[in-house]
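Peer 1: Following is a predicted model, sequence given first.
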Amino acid sequence: RLFDKEGVATIGSPMHRSVPHMIATGQADAGLIFLHLAIFAMVDNPGVFEVVYLGKDRYGATDDPLVLAFGQEPLDGNRAGTFFVQRTTTNVNPDQDTARERFIHALQTSEFTKILTESGLRRPSAAASY
């Protein structure tokens with residue numbers, strides 16, 4: 001959290017909390033931040049932040065992190081990154097093999113899709129061209 005009863009509290013890791021900290025303390029009027037980091041800042045500090053959409057399918061602003069988590073379509077010319085998981089041919093012991101397979105399985109579950117959605121991320125669509 002950015003605030004405690006006495007005012008501004010510790011902001012945690014500066015790399016990920018510096019933009020919200022600067023806005024919350026009045027050192028900046030606005031800033032750019034990754035969507036998932038904006039969501040976490042809003043969840044951790046209710047009523048402190050409002051986010052302005054920069055996408056082509058949503059306009060205006062929201063102060064609701066659950067609404068923000070639905071994401072937006074990037075403006076033309078911007079690209080959204082896609083991450084892939086790949087098994088390697090590295091030799092592993094049976095415990096490592098079991099852990100790897102459980103991890104890959106977990107990434108494919110509806111529970112993980114829910115975590116992605118709550119974080120403002122989404123699975124790539126089959127029709128997406130990257």
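Peer 2: Sure, I can see it. As the structure is a computational prediction, the values presented were derived from the model and not from experiment.

Peer 1: neighbouring contacts of the top helix by length along the chain?
Peer 2: Secondary structure of the chain per DSSP state H: the longest helix is helix 94-107. By C-beta atoms under 8 Å, 6 or more residues apart in numbering, the residues outside helix 94-107 that reach it are 85, 87, 92, 112. In this view, the C-beta of every residue, glycine as well, is placed from N, C-alpha and C.

Peer 1: contacting residues around the second one?
Peer 2: So that's R87. By C-beta under 8 Å, 6+ apart, the neighbours of R87 are 100, 104.

Peer 1: same thing with the last one?
Peer 2: Taking C-beta under 8 Å, 6+ apart as the definition of contact, the neighbours of F112 are A106.

Peer 1: tell me the SS of it?
Peer 2: Assigned state for F112: helix (three-state reduction, DSSP: H, G, I helix; E, B strand; the rest coil).

Peer 1: all helices of the protein, in order?
Peer 2: Using DSSP H, helices in the chain cover 14-24, 35-44, 65-68, 94-107, 110-118.

Peer 1: How far away from the center of its chain is the fourth one?
Peer 2: So the one you mean is helix 94-107. Remark: helix 94-107 is offset 24 Å from the chain centroid, using C-alpha atoms, centre = their mean, to the nearest Å.

Peer 1: I am finished for the moment; much appreciated.
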